[in-house]
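this is a predicted model, with the sequence first.
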Amino acid sequence: MFNGRVMALLSTGRARLDDALHAVGYFVVGALLHVVVPDVAIRIGAAPEPPTWVLLGLLAVAALGETQRRVRPVLGLGIACAALLGTVLLAFVPLAIMLVLGDLLYCSVLHTSRRVSWAVAGTAATVAGGAALLSLVAEGGRAAVLTILNLGLVLAVPILWGREVRLHSEQAAAVRERAEQAARMAELDRAAAVAAERARMARDLHDVIAGQLSGIAIQSEAVLTLPDADPAMLRRVLTSVRRDSVASLAEMRTMIGLLRADGAGDADPRTAPAGLDRLDALLESARGTGLRIDVTDARTGATVPAAVDLAAYRIVQESLTNAAKHAPGSRVHLRLDDRDGELVIELDNDLVPGAPPAGGTGTGLLGLRERADAVGGTVSAGPDGAHWRVRAQLPVPAPAGAPR
């Protein structure tokens, strides 16, 4: 905000300085014209030429109006008209004053509001018509035509020029506004994309790392509660803990890499998205928490899109994590099947009597539904008799040319 005010003050200061230089320039040029070619003027009747100091004084008054040519051009035009009226009363109008009048007419049309611009143009047309009518009545048709031609040159040219420049300026301003609106829309789209990506990464953070860390915590707690643990079991649990720790670090490294502004200097390889091809490792890790898992894989080997494959893996992972957390040591049955254009995932686990209730924030089930919804599928979860059942149906598009 402070920088904007400073820039506005500097711009206004430059405009005032430029107007002051215009005023000095018009006065100097007008004085030289009067000295070098004093006959270049509009004479009214046979009145003698006024004293030079009087004309220079009126020229100075007209030039004073130039100091307002962009800040308050209508005020500057009024000052110049007052000086012009003085020369008309003296029956001798120097060319320099007419030049000042034309420039201020141009600025009054260009640097004012649309209503004021039309008002200035209408007033100038009224003055020109009134002067032509007076000439017609007083001196005849020839004088009226000459008056219209002279005033047309002096008044119409700067007004029409100002209108044309104003039109182009307004068109350019409209184009800039459309470009700025397009830039703002692009920025809003970018912000929405960033927000969506952050939500996706937050979901990944919960689904992947939280699940793996939960498994580590459960396995560690199981080992600590065993009074005389079998060395083979301890080794198996510690191996599973290490594997999950390494996997969590790899996933975290990948997310940090995605959050970086650029990948310069990042020599660490990015991990590929997890899929059902890693199901064996996931099941082995889950068995390390004490779950007894049976798997029925009835898939036919149909090609599954990467997004559906990732969603299926995350659904299985989150379901196993919830089972280990809320039904430790229970028996779990996992069934995978692809039929009728759908990948079906069913996971049942025993409800353990006396187990802690499924509390928490509920982000796990919400993440499952968001995962499925993102690929056009559905997820249902809830108690079914003595079991807790999770069922997911994910669409698997048929390959091109396949019979329907």
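Sure thing, it's come through. Residues are numbered from 1 along each chain as shown.

which residue ranges of the stretch 301-404 of the chain form helices?
306-326, 363-374 (DSSP state H, counting those that start in this stretch).

how about the stretch 151-300 of the chain?
In the stretch 151-300 of the chain, the segments counted as helices under DSSP H, counting those that start in this stretch are 157-204, 211-225, 231-259, 279-287.

what's the closest of those helices to Val127?
Checking the helices of the stretch 151-300 of the chain against Val127 by C-beta to C-beta gives helix 157-204 as the closest, at 11.5 Å. Every residue, glycine included, has its C-beta placed from N, CA and C.

show me what that closest one is packed against.
helix 95-110, helix 114-139, helix 231-259, helix 363-374 (3 or more C-beta pairs under 8 Å, 6 or more residues apart in numbering; DSSP states H and E).

okay, those helices, which one's buried deepest?
Each of the helices and strands packed on helix 157-204 was scored by mean neighbour count; the highest is helix 95-110, a mean of 24, by mean count of other C-beta atoms under 10 Å.

just the angle between it and helix 114-139, please?
140 degrees (axes from the mean of the first three to the mean of the last three C-alpha atoms, to 10 degrees).

same question for helix 95-110, mean pLDDT?
Per-residue pLDDT over helix 95-110 has a mean of 84.

and it, what does it pack against?
On a contact count with 3+ C-beta pairs under 8 Å, 6+ apart, helix 95-110 meets helix 2-36, helix 52-65, helix 73-89, helix 114-139, helix 157-204.

Val352 is in contact with Pro328, correct?
Yes - using C-beta atoms under 8 Å, Pro328 is in contact with Val352, at 7.0 Å.

mutual contacts of the two, please.
Common contacts of Pro328 and Val352 (C-beta atoms under 8 Å, 6 or more residues apart in numbering): none found.

coming back round to it: what's the closest of the helices of the stretch 151-300 of the chain to Val116?
helix 157-204 (11.4 Å).

and stretch 370-387, how far apart are its ends?
23 Å (C-alpha to C-alpha, to the nearest Å).

where among the helices and strands packed on helix 95-110 is the average confidence lowest?
Across the helices and strands packed on helix 95-110, helix 2-36 gives the lowest mean pLDDT, at a mean of 73.

tell me the buried residues in stretch 66-84?
66-70, 72-74, 76-77, 79-81, 83-84 (16 or more other C-beta atoms under 10 Å).

neighbouring contacts of that stretch?
Defining contact as C-beta under 8 Å, 6+ apart, one finds that stretch 66-84 is touched by 12, 15-16, 18-20, 22-23, 26, 58-59, 61-62, 64-65, 93, 97-98, 100-101, 103-105, 107-108, 110-112, 116, 120.

export the helices and strands packed on helix 157-204 to JSON lines and tack on distance to Ala217?
Shown next, in JSON lines, are those (distance: least, C-beta to C-beta, whole Å):
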{"stretch": "helix 95-110", "distance to Ala217": "74"}
{"stretch": "helix 114-139", "distance to Ala217": "71"}
{"stretch": "helix 231-259", "distance to Ala217": "9"}
{"stretch": "helix 363-374", "distance to Ala217": "15"}
